[in-house]
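A.B. asks: sharing a sequence plus its predicted fold:
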Amino acid sequence: VLESGMHSLSASVDGADVSMGPLRSLTGLPCALSPAACSVLGLAQCEPTVNMPFQLQVVGRDTLGNPSSAIDPENISIAFQPNQDMFRTQVSKTPDGRILISCTPLTVGLCTVSVFMNHACILGGAPLTVIAGPLSLQNSVLGDETRFEVIAGEPRMIVFQARDADSHVIRVGGAGLTGTVRVGSLSPQLLEVIDCKDGTYHVTLELTLQASFTLSLKCGSSVREVEGDCFAGPTCASVCTLRGIEF
C-alpha cells in the first residue's frame, strides 16, 4: 500500500470479477512522519506588521509523501534570528488536524525565521521584514513646540515625523496626507505637503496677517490640529514712514 486511507481490492480473470471475500476492503495506515517531506505555508502571503498577528501552517507528510496529521504541536518549535524576542508565537492544532503557528511581531526590523520538528529543520532561515503599523497622526511628532510662532512675511518650515500607534517611525503610508492652515476667521488654505522619503514630511507657512492660526493635517478620516500665532517682524528702517508733526 503506497497511500494511506480506505482501499478496495478487486481482481478479474478474463474480464470476469473474482470475489475476494473479507479482503475486499482494507485501510492503509500512514507511514512515519518525514521532516524532510514536511513544509511550511503562509510566508509568501504575509506582510509582517507590528502587533498584527499572522499564521503559518505546517503541512505534515510521511516518508511516501502522503499528507499526515500525526504531528504533535509540542514537537514544533520556531526560531527568529538575530533576536528571538522580536515575535510572540503560539503553536496549536485545529480539530481537522492542521498545525498552525501564530506569530505576532513586537518590533520592526529584519530577521530570519526557522521552523523545526523534533529538532529537525523543516524551514531554514527564511527572510522576514517587519514593518511598522499604519500611520497614527496622534502619535506622530509635529515639530518641537506645543504652540507655534510664525513671523509675518517670513517662511516657516514645520517638520512632521510619521509614526504608527506604537510610536515606530514609518516610511510609507503618508501618501494621502494633506495639510491646511486657517488664519483667524479666514477660510482654510491648502498647504503643499513634501514627502522627504525618510519618514518625515514638511509644510511651509508663509503668513502675512498677524493673528492666531490653526494648522491641520489629515490622513483618511484622522485629523491632527495644532495652533499657533503670527507676530509682526522686527522693525526695518527702510520701510518705516515718518508722519507730519504739528507745532
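C.D. replies: Alright, I've got the coordinates.

A.B. asks: please report the distance of D17 from D144.
C.D. replies: 89 Å (Cβ to Cβ, to the nearest Å). In short, each C-beta sits where N, CA and C put it, glycine included.

A.B. asks: which helix or strand in this structure has the lowest average pLDDT?
C.D. replies: One helix or strand of the chain scores below all others by mean pLDDT, DSSP states H and E: strand 25-28, with a mean of 56.

A.B. asks: where does pLDDT dip in the chain?
C.D. replies: 1-9, 18-31, 172-175, 234-247 (pLDDT under 70).

A.B. asks: buried sites along the helix or strand harbouring V130?
C.D. replies: Using DSSP states H and E, V130 falls within strand 120-130. Neighbour-count burial for strand 120-130 flags I122, L123, L128, V130 (criterion: 16 or more other Cβ atoms under 10 Å).

A.B. asks: dump the residue contacts of the residue minimising distance to the centre of the chain.
C.D. replies: Central residue of the chain (Cα atoms, centre = their mean): T49, 2.4 Å from the mean position. By Cβ atoms under 8 Å, 6 or more residues apart in numbering, the contact list for T49 reads P105, V130, I131, A132, G133.

A.B. asks: the second one contacts T104, correct?
C.D. replies: No - assessed by Cβ atoms under 8 Å, V130 is found out of contact with T104, at 10.4 Å.

A.B. asks: picking up where we left off before, the strand holding V130 pairs with which strands?
C.D. replies: Next to strand 120-130 in the sheet, as set by DSSP bridges, lie strand 109-117 (antiparallel).

A.B. asks: residues of stretch 188-208 that come out buried?
C.D. replies: Those would be L191, V193, G199, T200, Y201, H202, V203, L205, L207, for stretch 188-208 by 16+ other Cβ under 10 Å.

A.B. asks: and those residues as JSON lines, adding distance to A44?
C.D. replies: Below are these laid out as JSON lines (distance: Cβ to Cβ, whole Å):
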{"residue": "L191", "distance to A44": "41"}
{"residue": "V193", "distance to A44": "34"}
{"residue": "G199", "distance to A44": "27"}
{"residue": "T200", "distance to A44": "32"}
{"residue": "Y201", "distance to A44": "32"}
{"residue": "H202", "distance to A44": "37"}
{"residue": "V203", "distance to A44": "39"}
{"residue": "L205", "distance to A44": "46"}
{"residue": "L207", "distance to A44": "51"}
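
A.B. asks: many thanks, I have nothing further to ask.
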